[in-house]
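Participant: Quick one, fold the following:
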Amino acid sequence: MGETGGDGGNIALLQTNGGSDILLYEQTFCGLQEFIAKSLDMYRSELSLVLYPTFVYMYLDLIKMGQEDGARTFFDEHKRSFESYHDEDLRSLSTLKERSQLSSHELAVTLRSEKYVICMARDAFQCLVRYLQDSQSKVVLNLINSFFYMDLNDDLPRHQSKISASVGSQLGEAKTSANRASVLYGMPKDAEFIAALTEAEEEDATGEDGRPKKKKKKESAFSNAKKSKMAANPHAPPATRVPIPALKERELDKKRAAARELVRAVPLDSTHLPSICFFTLLNTHSALSSVSLSADSTLVAAGMADSTVRLHSLNSKKLRTIKTYNELQNLDKTEAGVLDRVTDEQSGTDSRLLLGHSGPVYASAFHPFNSMLLSSSQDGTIRLWDLNTYTTAVCFKGHVLPVWDVDFCPVGYYFVSASQDRTARLWATDQPLPLRIFAEHVSDVSCAKFHPNGNYVATGSYDRTVRLWDVATGTCVRLLTGQHGNITSLAFSPDGRFLASGASDGSVRLWDISNASIVSTLRGHTDSVTSLAFSHDAGVLATGSLDCTVRVWDSRTLLDDAKEPDFSFNTSASSGASSVQRQLACYPTKSTSVLNVHFTYRNLLLAAGPFVQ
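Facilitator: Just a heads-up that it's a prediction; the model follows:
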């Protein structure tokens, strides 16, 4: 029975039996194409959404009936019409050769077990129903009854530009109901952070003699951010919505130090581009799987294919181990700076080797205050490393397949993992089992990122969708579709309202999570986008790719435009603002793939990757 959304209810189109003749399928599909081509212009774009799923389900139906040769001929004859939006899925489906493969082919199983979602105006849908019933297109009617979810609305039919921006995922578009929940994307008041910012600004405004500086201080990149933090934000969640342990005194000191650095950050925009420092990892022999940098930009972790994690110091501070038990017993614990004297100076080195995984290390993430490091591996485990002893503190087991990504909550304690088992999981550092399991993706969850306020988690998947999950309830509050490549990287804007997603086709898309709308699509990379980073004032967006380039985009203009009440993606697209105009700079390497881009507290752009032989 076909399903329809909108004002509710199910609509039975017609109970039918599918035919088994390849000629019938060919004639039916060609007839549907001809009907859509001759339909009214206002309906044609939305009616064309039916073509791709009809083509795919006909192909699978023919294989199921044992007509493999006819299915191959049908597939080769019509696939070119859909390659621009569904190239990866078509390449996957082309590997189906026999009926016996249907039960083991991942995409085929997904398509036949889930509903394909099509959003359509009610008038256009009625036009389609009349044609199918008048022409007695039993095959199409049967497919719609079995595999389609028609999400109907009473709006005018959409133009092709809006449709192109929302289609491309494995299961069509997002249902209207998927994005109705409100999202508390704002940043809550942080009294300690505001006090640290104020203190740092006062220090900058005072000379060495204690007198105010004569020269007028240049406005900080965070002056506006501070004002917004001091004002009540109606979009911010309550501070107690997600329970978070109180910070230790040492962590508070590091938070204050970060605030002092942020005040001195250089504002970035289209006329003030960031300076860039690139770290090339040599002699990795194609064994480097991942690179991550700490929040304070003092440490870098490299995940290797030989199952090790290599930790390097980026400043003059050596990586020291804790003193022996007897030496610690002799320390005077009442003296100031005792925590700095628990390490053995003679043990200091520039790098450390972390051993424990039994498979390639695909991702790592530093604790916000550098006390711990997370790493995930092909062995299905996540390891929490103590950066005082450089040993495994906890080994988290729960995923049954390789874990592609991990990310810490901005205040620590919680972290999220993304796995090939199609789930993302929320963990706490002091709990051996996951607190939440996010399980609505229909393919690998390739990347995960915590929201700046710690109340949400974004996940990207090989099903070409991005989902936003509520940590407090475990529900999916946003489903974002429209990118035509597998989602490979994610990044939130500092204010929490916007989300950037990179894909395997080289595109970068900006989303407004307050209303699940598209802000812009940025094109320039020619290979998979591996990393994204907003500057701390959201002035620019940096992207890194396997095409050996770092690109910088004008996010300030895009995000400011998106905040206007009358903004729409259509208006932006028709104004002539192209990706070339939004791209501020492109920095190519000689032969180094870019695996990570990262802004320091002062908005210096760091990037890292392996030298490709």
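Participant: okay, now residue 91: neighbour count?
Facilitator: 11 (other Cβ atoms under 10 Å). For every residue, glycine as well, the C-beta is placed using N, CA and C.
Participant: So which residue is dead centre in this structure?
Facilitator: residue 490 (3.0 Å; Cα atoms, centre = their mean).
Participant: Quick check: chain neighbours aside, which residue is closest to that residue?
Facilitator: Spatial nearest neighbour of residue 490, chain neighbours left out: residue 449 (4.1 Å); criterion: Cβ to Cβ, 6 or more residues apart in numbering.
Participant: Need the CA coordinates for the host helix or strand of that neighbour. PDB is fine.
Facilitator: Secondary structure from DSSP states H and E places residue 449 in strand 445-450. Output in PDB follows, covering the C-alpha atoms of strand 445-450 (Å, rounded to 0.1, in the frame of the first residue of the first chain):
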ATOM      1  CA  VAL A 445      28.400   6.500   9.800                       C
ATOM      2  CA  SER A 446      31.600   8.000   8.500                       C
ATOM      3  CA  CYS A 447      32.000  11.100  10.800                       C
ATOM      4  CA  ALA A 448      30.600  12.600  13.900                       C
ATOM      5  CA  LYS A 449      31.000  16.000  15.600                       C
ATOM      6  CA  PHE A 450      29.700  17.500  18.900                       C
END
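Participant: For the protein, give me the ranges with low pLDDT.
Facilitator: Applying pLDDT under 70 to the chain picks out residues 1-20, 191-192, 196-197, 200-232, 332-340, 570-579.
Participant: 80 - rerun?
Facilitator: 1-21, 189-232, 285-286, 323-347, 568-581, 613 (pLDDT under 80).
Participant: re the thing from before, direction included, what does the strand holding residue 449 pair against?
Facilitator: strand 456-461 (antiparallel) (DSSP bridges).
Participant: Quick one: residues in contact with the strand it pairs with.
Facilitator: 183, 185, 416, 418, 422, 424, 426, 438, 441-451, 466-471, 477, 486-490, 492, 499, 501 (Cβ atoms under 8 Å, 6 or more residues apart in numbering).
Participant: Quick check: the residue nearest to residue 490 vs residue 370, distance?
Facilitator: Computed as Cβ to Cβ, to the nearest Å, the residue 449 to residue 370 distance reads 19 Å.
Participant: Neighbour count for the two, which is higher?
Facilitator: Applying other Cβ under 10 Å to residue 449 and residue 370 shows that residue 449 carries more neighbours, namely 24 against 15.
Participant: ok, residue 543 - contacts?
Facilitator: Contacts of residue 543 (Cβ under 8 Å, 6+ apart): 502, 508, 522, 525, 529, 531, 532, 550, 551, 552, 553, 597.
Participant: Which of those residues are buried, as a PyMOL select command?
Facilitator: The PyMOL command for the buried members of the contacts of residue 543 (criterion: 16 or more other Cβ atoms under 10 Å) is given here:
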select buried, resi 502+508+522+525+529+531+532+550+551+552+553+597
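Participant: out of the contacts of residue 543, which are inside strands?
Facilitator: Using DSSP state E, the subset of the contacts of residue 543 located in strands is 502, 508, 522, 529, 531, 532, 550, 551, 552, 553, 597.
Participant: Dump those to a markdown table, plus distance to residue 252.
Facilitator: Below are the ones in strands among the contacts of residue 543 laid out as a markdown table (distance: Cβ to Cβ, whole Å):
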| residue | distance to residue 252 |
| --- | --- |
| 502 | 34 |
| 508 | 36 |
| 522 | 38 |
| 529 | 36 |
| 531 | 30 |
| 532 | 29 |
| 550 | 34 |
| 551 | 37 |
| 552 | 34 |
| 553 | 35 |
| 597 | 29 |
